Each structure stands twice: as C-alpha cells, then as structure tokens.
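**Student:** Quick check, what structure comes out for this input:
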Amino acid sequence: MRTALTELLQIEYPIIQGAMAWVSEHKLVAAVANAGATGVIALGGRDAEWTRNEIRACKELTDKPFGVNLMLMAPNKDELVDIIIEEKPAFVTLGAGNPVPYIKPLQEAGIKVIPVVPSLKLAKRIEEAGADAMIVEGMEAGGHIGSQTTMSLMENILPEISIPVVVAGSIVDGRGLAAALLMGAEGVQMGSRFLLAEECQAHQNMKEAIIKATDTDSVVTGLLSGHGGVRSLKNEFTTRYLAAETDGVTTPEERTKMSQGTNKRAAIDGDVVNGAVQVGQALNRLVAIEPAHTIVQTVMNEAIMSIRKAQRLLEIV
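**Tutor:** Numbers count the residues shown, from 1 in each chain. Model prediction:
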C-alpha cells in the first residue's frame, strides 16, 4: 500500500507502532519494522546511555526504518537530542512540549521530524515550521490524552493540512486504518494493539488484563483535578485516585505521589491492581497475543477488505 507516509519513511505499510513507556524497546520496534510497518522506541524516563544502546540494538535486528519518541518535558531532552543526532534513527516523534526549536537541527542530521499535535492551531504552526509530518491523537487512546476525539481531530485537521497526517487514538484493526485513510489521513499510529505483540515486554498480567477487559472498562484519571488526563483500565488504583480528585482533602502533591511509578508497576512488575494499565478504548478488539508480523498482516488485510467493501457504495450512485 502506497501513501505519502510510506513514501516519506520508505516503509511498506502506513502503520506506526506508537511509543509506549517502558515497553516500546528495540525487540518490539525491530519486529514491527521487519513486518513492513515501522516502530518507535519510547525514551520517556530513559537516560542517554540507554537511548544509545537501544538504537544500536534495534539496528542489529533490522535494516528497516524505525524511530524514537522524545518527550519534550524530559529534563534531559537536550542530551537525548544529541544522542539521537549521533545515532540517526529514521525519524523522531515529539510530544509534551514545543517541538519547533528541534525540527531544523534534527532534519539537518537527516532525521525526519513528526510532532504530535492536539489541535488545528498547533497543527498549522507545526506545518509552517517545516515538520515532515504530524500525528493527531484522539482522547480514546491509552495513556496521556487530549480533549478531542479521534473523529473530531480528523474532521478539524485533515482538510486544513497539506503535510502527511497520521491518526491515532483507539485504532486497533484494519477497519480503523481504512477509515482514517478514507478521511484523508496518510497512515495511523497504533499502540494498544502492539501491547499484545509477543515481542512486547509488557508483563503477562497486563496483557491478560487487557484481553479480559470489555469496552466499558477504561477510565480517565487526572481530568477533574486538572492534572492531565490519563486513560487506563479500571482497578483499585484508579478508584482510589478518582476519589482523591473529589474528596476536597487530597492535595495535588499527594495525587502526584499516588500516580508516580504506576505505569511501570503494571507494565513491568505486573501489578494490575495498584498499577496503571494504560490502554485505549477499543478493548473488545484486543483479544489475542500474536507475533508483530501477524498483527501487521492482519491489520493490512482487514484494511484492504474494508476499502474494497466501501467501493460498493459507488455502484449505487
């Protein structure tokens, strides 16, 4: 399948495996890249040495393009940028801050720059700054979320932007990919589906919790207290945190302490009771642990079939 995204990144399929803290590392990323899509190493909470080693380890496992994700709120972001420029992954996705100062330096090193944007205003600013592409992510996604849905972002942004736009937010199968392409996107970013990849190091407890969950089993913490929304599965941690947001007693500092380390607690330690199982809303479609290659091929086959089915509507006209 050929789109502006596949041409830009020189990949076979218009799918980016999203950066997921603690679990998007070289084995998963390389497996997705070798399957014809592309993956992203998540640098959140990581240091320079780990970053360099992960990029090099990924290059040992694949000669296909892959990227890294840089959180611009990280205190060591400038040090990580230096490492990225030295090690030269194919592209960088940027979020949680102002990406504009980083666009040209990364591009001058031969690295494509793909910021994550939450609104049309910022999308236009990023386009004017010369970004190679952008990602828009709806609030249906797992982890940290914005305030617009995936559909509203596609409606608001896709007709207004000329550089390639990648859509994310609870897209887990080929129907979602087909819908995004028909709306005018050039590809999708998927995180939750790849949590269930065999190559993903997420704890088995977390994977099983996701498989057992149904469509009403996710919840957003942080919105009521203005701390920034985070989507996770409902559990004892989210119940305690939501209660602390409305009790009129718990301070913001205490809530911050409550949430610290909960992502890793679930993803790496396997504590799905007291940790944050960060996953998107399309839970009924997340039903099996499969190799990354199988996931990519299944999604692409579903997308092709969905697009072919949509063509029947033209026969009616």
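
**Student:** Report the distance from stretch 228-244 to the chain centre.
**Tutor:** From the chain centre to the centre of stretch 228-244 is a distance of 20 Å (C-alpha atoms, centre = their mean, to the nearest Å).

**Student:** Flag every buried residue along it.
**Tutor:** Of all the residues in stretch 228-244, those buried under the rule 16 or more other C-beta atoms under 10 Å are Gly229, Val230, Arg231, Ser232, Leu233, Asn235, Phe237, Thr238, Tyr241, Leu242, Ala244. C-betas here are computed from N, CA, C, even on glycine.

**Student:** Please enumerate the helices of the stretch 201-317 of the chain.
**Tutor:** Under the criterion DSSP state H, counting those that start in this stretch, the stretch 201-317 of the chain contains helices at 204-212, 236-246, 252-259, 262-267, 292-310, 312-316.

**Student:** Ok, which of the ones you listed comes nearest Ile171?
**Tutor:** Ranking the helices of the stretch 201-317 of the chain by proximity to Ile171 (C-beta to C-beta) places helix 292-310 first, at 9.1 Å.

**Student:** Using CSV, write down the CA coordinates of the closest one.
**Tutor:** What follows is helix 292-310, C-alpha atoms only, in CSV (Å, rounded to 0.1, in the frame of the first residue of the first chain):
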residue,chain,number,x,y,z
ALA,A,292,4.1,-8.5,15.5
HIS,A,293,4.2,-9.8,11.9
THR,A,294,0.8,-11.4,12.3
ILE,A,295,-0.7,-8.2,13.7
VAL,A,296,0.6,-6.1,10.8
GLN,A,297,-0.6,-8.5,8.2
THR,A,298,-4.0,-8.9,9.8
VAL,A,299,-4.5,-5.2,10.0
MET,A,300,-3.5,-4.7,6.4
ASN,A,301,-5.7,-7.5,5.1
GLU,A,302,-8.6,-6.1,7.1
ALA,A,303,-7.9,-2.6,5.7
ILE,A,304,-7.8,-3.8,2.1
MET,A,305,-11.1,-5.7,2.5
SER,A,306,-12.7,-2.7,4.2
ILE,A,307,-11.7,-0.3,1.4
ARG,A,308,-13.0,-2.8,-1.2
LYS,A,309,-16.3,-3.1,0.6
ALA,A,310,-16.6,0.7,0.6
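
**Student:** on contacts alone, who are the packing partners of that helix?
**Tutor:** When contacts are defined as 3 or more C-beta pairs under 8 Å, 6 or more residues apart in numbering; DSSP states H and E, helix 292-310 packs onto strand 15-17, helix 26-34, helix 174-183, helix 192-195.
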